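J.: okay, here's the prediction I keep looking at, along with the sequence it came from:
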Amino acid sequence: MSEHQEPTRDNREEYRQDTILTHEFDGIQEFDNRLPNWWLWIMWGSMVFALLYWLVFHTLELRDLPRADFETSMQVAQEAELARMAAAGMNDETLWAMSQMDTKVAEGREIFSKHCVACHLDQGQGMVGPNLTDNVWIHGCKPMDLLNTVYEGVAAKGMPAWLNQLGPTRAQSAVAYVLTLRNTNVPGKAPEGEPCVE
Amino acid sequence: MSKPAQRRPDLNTVYTINDDGSRNFLQVADVRGRWQRIKKTGYWLLNLVFVALPLIQVGGHPAVHIDIPRRTAHLFGGTFTNQDFHLVFFLLIGMGLGLFVLTSLAGRVWCGFLCPQTVFMEGVFRPIERFIEGDRFQRAKRKKQGGAGNTGRKLAKHTVFLLLAWAISIWFMAYFIPVRELLGLLPHFPGHTTALLWSLFWTGMLYFDYSWFREQTCLIICPYGRLQATLVDYDTVIIGYDKKRGEPRGKGVESGGDCIDCRRCVDVCPTGIDIRNGLQMECIGCTNCVDACDEIMDKIKKPRGLVRFDSSRGFETGVSHFFRGRFWIYAVAFAALATLFVVRVGSRDSFHVTVMRPRGIPFTMEEGRIRNLYTFHLQNKTDDEKVYLIAPAAEVFADVEGVEYIIPQPRVALAPLSDQQVTLFASMPREGYVSGRDFIFTVTDSATSVVKNVKVRFRGP
């Protein structure tokens, strides 16, 4: 087969001589027509982009890769949430104060009866979860410790992290309610953890 | 072999790409005729549907509202949640096979009459271009003359194109954000980088597509166009040129075949082919050449249909058979998928229960008893308030002494389309435990008495 071969074509005008490539499979041959320029530009553009991306993200590390960027964003969001709580005056004292507010406690009781009773039982006397009515605590007895435990959960023992499910406000109400249970000493699960020293 | 001054469409090259790879931008001639009337009507209707779907309210929701953040879709009064997402499989494969049926029978009807690319291009953008810049000859004349008038028209056209591209991209968002909310959000777009960039990106894409890229989308990017060779065969009805009648072509009505080589069919082609070269990959079945040729045939007092819809077999032998093996295979596959889709849509459940166990704690031991904790995730998939009742199925484990259930929340009230996790326990004495047995809990919709049996394995040492 010759390098350039006159292709068969059924239109009359011979506009130009086409280049036909030498290889052939099952009688199928191909032309060597030029790619559209817009297509070539996409290719060159992608190459330039890849090079820049490689330089910026991997070599010079000027910008974070998506995963690191995501983690940074999450951290920023968490810090913002903590800052928001601090700005709202969320600390041991405010949680104690909440535990004195009827509306907060009532809201907390409702949340407790929905989400917490399964493990801590209706009066907080404990079953799967620890007894909340004594003054002995596993993860710290300060109101902020409790709030943190509710927010983050204790995965190893089956306590879920409630922050995502309840949101901060409702979790705080639940903690306010739990604080009212302290020292009610309902007979139930034996005390676990450290006695509270304030 | 002398080269003609002007390049003409051939089978070996893409006419819209020049030898040096640059674009050969088509100036498509006007065409009138019966197929054009049908197409125009169709374009109007489809554009109307596009605008109307987010506006029409069906059952308290827009006719089409795909709510991505809430993972629900409201489609023509039906409510679908993430649990129904598998239906998309039946829908997409079914629509694909439906397209196969249509293609095997009548070629690229989709491309010429129904595809959004065509509907916006031929139904909206090209008529506007024609209105502002005039027909093919006026455009060519103005381009030659140049001057402020030409620039002004170009500027006006591109401004309108940009505004339209923006409007279409915004309206497309109404399929995902209800119109009222969307209108409220629009003023915030300039301050919201992501929203602004996305709306500008889609505006830019549409503008680029309809102002410059045009038929290149169909020729080079569209995967459906590229599938044609496998879907179309000798008996598929396509737009074709009746060689037997037309050849030998030539000037002068009496000089042989009916084709007078007036090249009207080439001038009106939006993808730049010569239909007389036979079926080509570029042909989107737009019917422009059919109407163009019919008009000429009327003028030279010859019967219409030199370029017409017919099968390759029909053009050669005058006989066609449509319902052949290929059609039946596609049709049966399509019918199966469509039936499955309809049945699955009709039988989708009104609520969903998933059981989860605490990670790493299959059971706990307490005072000689084995306890299992289950978390039921209840999902209300309806638009109504619902109360679900959770209870153990009585007959299961009737033979074991001392089985206890703790269901702290046997009544679960759920707002429309909301979900909740409910924790419950089952326990039994260590002595009674046999491994490998399942508890069954019933979850009952209190309003409709629809019962779901939830089977959970009781784990122990």
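T.: It's in. This is a predicted model, so every value here is computed, not measured.

J.: and the nearest residue to residue A:120 once chain neighbours are set aside, how many neighbours?
T.: Using C-beta to C-beta, 6 or more residues apart in numbering or on different chains and skipping the chain neighbours, the partner closest in space to residue A:120 is residue A:129 (4.4 Å). Heads up, the C-betas are built off the backbone N, CA and C, glycines and all. Applying other C-beta atoms under 10 Å in any protein chain shown, we find 20 residues neighbouring residue A:129.

J.: hmm, residue A:129 is touching residue A:117, no?
T.: No: at 9.7 Å, residue A:129 does not count as touching residue A:117 under the criterion of C-beta atoms under 8 Å.

J.: where along chain A do the helices fall?
T.: A:37-53, A:66-87, A:92-98, A:102-111, A:117-120, A:143-152, A:163-181 (DSSP state H).

J.: neighbours of the residue in chain A that chain B sits nearest to, how many?
T.: Chain B sits closest to residue A:118 of chain A, with a gap of 3.5 Å, by C-beta to the nearest C-beta. Taking other C-beta under 10 Å as the criterion, the count of residues near residue A:118 is 21.

J.: can you name every helix or strand that the helix or strand of chain B with the lowest mean pLDDT contacts?
T.: One helix or strand of chain B scores below all others by mean pLDDT, DSSP states H and E: strand B:364-366, with a mean of 76. Contact analysis of strand B:364-366 by 3 or more C-beta pairs under 8 Å, 6 or more residues apart in numbering or on different chains; DSSP states H and E lists strand B:369-380 as its packing neighbours.

J.: avg pLDDT for the strand it packs on?
T.: Averaged across strand B:369-380, pLDDT comes to 87.

J.: okay, now the domains of chain B?
T.: With domains defined by automatic domain parsing, chain B comprises B:34-86+B:103-228, B:351-457.

J.: mean pLDDT lowest where, among these?
T.: Among the domains of chain B, domain B:351-457 carries the lowest mean pLDDT, a mean of 85.

J.: just how off-centre is it within its chain?
T.: For domain B:351-457, the separation from the chain centroid amounts to 41 Å (computed by C-alpha atoms, centre = their mean, to the nearest Å).

J.: just stretch B:187-203 next, same as before
T.: The chain centroid and the centroid of stretch B:187-203 are separated by 24 Å, computed with C-alpha atoms, centre = their mean.

J.: wait, does that stretch contact chain A?
T.: No: Stretch B:187-203 is not in contact with chain A by C-beta under 8 Å from any C-beta of the partner chain; minimum separation 13.0 Å.

J.: now that stretch: buried residues?
T.: Neighbour counts over stretch B:187-203 (16 or more other C-beta atoms under 10 Å in any protein chain shown) mark B:189, B:199, B:202-203 as buried.

J.: run through chain A and note the low-pLDDT ranges.
T.: Where chain A drops to pLDDT under 70, the residues are A:1-18, A:86, A:155-158, A:198.

J.: kindly recompute the last result at 50.
T.: For chain A, the stretches flagged by pLDDT under 50 are A:1-13, A:15.

J.: how does it divide into domains?
T.: Following automatic domain parsing, one finds the domains of chain A at A:1-63, A:88-195.

J.: which one of these lies nearest to residue B:164?
T.: Closest of the domains of chain A to residue B:164 is domain A:1-63, at 22.3 Å (criterion: C-beta to C-beta).

J.: what's the distance between that closest one and the middle of its chain?
T.: On C-alpha atoms, centre = their mean, the centre of domain A:1-63 falls 44 Å from that of its chain.

J.: now do stretch A:174-185
T.: Mean-position distance between stretch A:174-185 and its chain equals 31 Å (C-alpha atoms, centre = their mean).

J.: close to chain B, is that stretch?
T.: No: using C-beta under 8 Å from any C-beta, stretch A:174-185 never reaches chain B; the gap is at least 14.6 Å.

J.: which bits of the stretch 351-461 of chain B sit near chain A?
T.: Going by C-beta under 8 Å from any C-beta, the residues of the stretch 351-461 of chain B near chain A are B:358-361, B:364, B:366, B:371, B:373, B:406, B:408-409, B:421-425.

J.: which of those residues lies closest to residue B:458?
T.: The nearest member of those to residue B:458, counting by C-beta to C-beta, is residue B:371 at 10.0 Å.

J.: the closest residue to that closest one other than its chain neighbours: neighbour count?
T.: Of all residues not flanking residue B:371 in the chain, residue B:427 sits nearest, at 4.1 Å (C-beta to C-beta, 6+ apart). By other C-beta under 10 Å, 21 other residues sit near residue B:427.

J.: and residue B:427, which helix or strand is it part of?
T.: Using DSSP states H and E, residue B:427 sits within strand B:419-429.
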